[in-house]
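Student: Got a predicted model here, sequence first, then my questions.
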Amino acid sequence: MIPPYIGLWLLQIFCILFPMVIYQSFFQKKIMKKVHQKVILSILCGISIIICMTFPVSINSNYILDFRFIPLIIAFIFGGYRVGVFLSLVLITYRFFIGGTGFYLGGLSMTTFFVVAFGYILPRSEKWNLIWKKFYPYVLLTCTLIFFALGTQFLDDYSFTRQEIILWAWFSIFNYITFWMIMYLQNTLKEIEDVSQKMIQFEKSHTLNHLLVFISQQLSSPLSNAKEMISLVKEEPLTSHQMFSLRKIESELNQAEQGLEQYLSILDDSKEKQIVWSFVDELENIVELMKLYANVHQVELKYSSTLEEDVSFKGDRIMVRFALINLIKNAIEACDSKGRVNICLHEMLKEIYIVIEDNGVGLPNSVLPQLGKPLPTAKENGTGLGLVSTYKIAESMGGRVEVESSPNEGTTFSLYFPKWAI
């Protein structure tokens, strides 16, 4: 036989889930400003808290059971500390008007626990790993249930009857199920939104690539014609100064033509080669090759790997080699003599990544957001397309490039590839 209080709890669960579904599926998409989103979340969670406390399951005249703490935890997690504190005051005030000695435990003490706990957790949670970020709300909910159950029973009659144990068991089960449903819904909708944004970004990138291919092809013909005209002019009698100027112009045109050909080969999706090759062997060969370049610049180049076994890679070997060589070359050139470049290969659950760290001049903070976009270069004989090409290569294989840098301290590039490409 289903206990009669289950119906009241199902009503409370509906009053929690329904506002959360509306918020997560509608308001988060339609309202762009974070401040307005937090106001809406405060209102919806506040309504859920009041409804839960208005239709509780009464243990006795002083103590009531409801799901008020679930919307409160949600408010702290997704709305931030200020939203959580505001709703804590709403909860305490409403519980005071309901009356009973349970106000001190279920209203004041438990709410104060959340204010203190989230005041400590929220500033530090950004540095936690993904597993602990998902796990800690359930720890708080468990502490709440245990503390509230023990406090209620011991302050009441210091004992648990069989009926009360069943009551608390059902209460705990419904708390966990409701909280899991809300967190699952939030995470699922967030993943869907992330995928949608990536698809939109991919379409933009794909369109831009075709445009860049067209522009590059249009520029190739004028460059070739200009080189032919220079060859004809060189056959005429010229002064040494004129000949020097023509050779300088010809060198610049060759540099531009090579840059366009290189960029076209990267942008042209039809040229991608899906072959399988040893990633570790390729990286070790590249490091050995770049050690010669590092010695010329008097820079120490070190390589290490945390992988326990070799991995095979499916993709264009030449393009991956180009991306790695470009990053290592940039790191070497950023260092002064006696500088150091460390390269390390790591493996994660879903990705492998290569860290290329130097102790060179570093990059200004204003430059970091622009990396991966065509920019003028300060390098002699540079095209400014090296990093653009590296970013494009990583993205075309489902990977990404991350960078951290501090002026006069050094730069760290991390090149990630998903394991589905391995």
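Tutor: Ah, there it is. Residues are numbered from 1 along each chain as shown.
Student: all strands of the chain, in order?
Tutor: Along the chain, counting by DSSP state E, strands occupy 57-58, 64-65, 275-278, 299-305, 312-315, 339-347, 351-358, 400-406, 410-418.
Student: hey, which of those is tucked in deepest?
Tutor: Across the strands of the chain, averaging neighbours per residue (mean count of other CB atoms under 10 Å) puts strand 64-65 on top, at a mean of 22. For the C-beta atoms, the positions are set from N, CA and C on the backbone; glycine is no exception.
Student: Now do that strand: which elements does it pack against?
Tutor: strand 57-58 (3 or more CB pairs under 8 Å, 6 or more residues apart in numbering; DSSP states H and E).
Student: Next, format the strands of the chain as CSV and append distance to K190 and mean pLDDT.
Tutor: Below are the strands of the chain laid out as CSV (distance: least, CB to CB, whole Å; pLDDT from 0 to 100):
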stretch, distance to K190, mean pLDDT
strand 57-58, 33, 70
strand 64-65, 31, 74
strand 275-278, 34, 76
strand 299-305, 34, 93
strand 312-315, 29, 75
strand 339-347, 26, 93
strand 351-358, 20, 92
strand 400-406, 18, 91
strand 410-418, 19, 91
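Student: Indicate which one of the ones you listed is closest to P222.
Tutor: Across those, P222 has its closest neighbour in strand 400-406 (32.2 Å, CB to CB).
Student: Please pull out the lowest mean pLDDT helix or strand from this protein.
Tutor: One helix or strand of the chain scores below all others by mean pLDDT, DSSP states H and E: strand 57-58, with a mean of 70.
Student: Could you point out which residue ranges in the stretch 151-300 of the chain have low pLDDT?
Tutor: The stretch 151-300 of the chain contains residues with pLDDT under 70 at 152-160, 195-217, 259, 261-275.
Student: Isn't W168 up against A149?
Tutor: Yes. Between W168 and A149 there is a contact under CB atoms under 8 Å: 5.2 Å.
Student: would you list the strands of the chain in TSV and tack on distance to K38?
Tutor: Listed next are those as TSV, based on distance: least, CB to CB, whole Å:
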stretch	distance to K38
strand 57-58	31
strand 64-65	29
strand 275-278	50
strand 299-305	45
strand 312-315	43
strand 339-347	37
strand 351-358	33
strand 400-406	29
strand 410-418	32
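Student: just so I know, which of the ones you listed lies nearest A256?
Tutor: strand 400-406 (25.0 Å).
Student: what's in contact with that closest one?
Tutor: Strand 400-406 is contacted by residues 362-363, 368, 371-372, 390-391, 394, 411-416 when judged by CB atoms under 8 Å, 6 or more residues apart in numbering.
Student: what do you get if the cut-off is 6 Å, keeping everything else the same?
Tutor: G362, L363, L371, Y391, A394, T411, T412, F413, S414, L415, Y416 (CB atoms under 6 Å, 6 or more residues apart in numbering).
Student: what about Y391, distance to P19?
Tutor: Applying CB to CB, to the nearest Å, the value for Y391 to P19 is 41 Å.
Student: Which stretches in the chain count as helices?
Tutor: Per DSSP state H, the chain carries helices over the ranges 5-22, 28-30, 34-54, 69-74, 81-98, 102, 110-121, 130-156, 162-234, 240-267, 279-296, 317-334, 386-396.
Student: Now Q37: closest residue in space that isn't a chain neighbour?
Tutor: I31 (5.3 Å; CB to CB, 6 or more residues apart in numbering).
Student: isn't that neighbour right up against K38?
Tutor: No. Judged on CB atoms under 6 Å, I31 makes no contact with K38 at a distance of 9.9 Å.
Student: who's more crowded, those two?
Tutor: K38 (18 against 15; other CB atoms under 10 Å).
Student: Next up, phi/psi of the residue of the chain most remote from its centre, please.
Tutor: Ranking residues of the chain by C-alpha distance from their mean position (CA atoms, centre = their mean) puts P237 at the top, at 62.5 Å. The phi and psi values for P237, taken as degrees, to the nearest 10, are phi -70, psi 120.
Student: Distance-wise, check the residue nearest the centre of the chain relative to N187.
Tutor: Centroid-nearest residue in the chain: D194, 9.8 Å away (criterion: CA atoms, centre = their mean). Using CB to CB, D194 is found at 10 Å from N187.
Student: can you check N365 too?
Tutor: 32 Å.
Student: count of neighbours near the residue nearest to A117 when sequence neighbours are not counted?
Tutor: Leaving aside its chain neighbours, A117 sits nearest to L140 (6.1 Å; criterion: CB to CB, 6+ apart). Neighbours of L140 under the rule other CB under 10 Å: 19.
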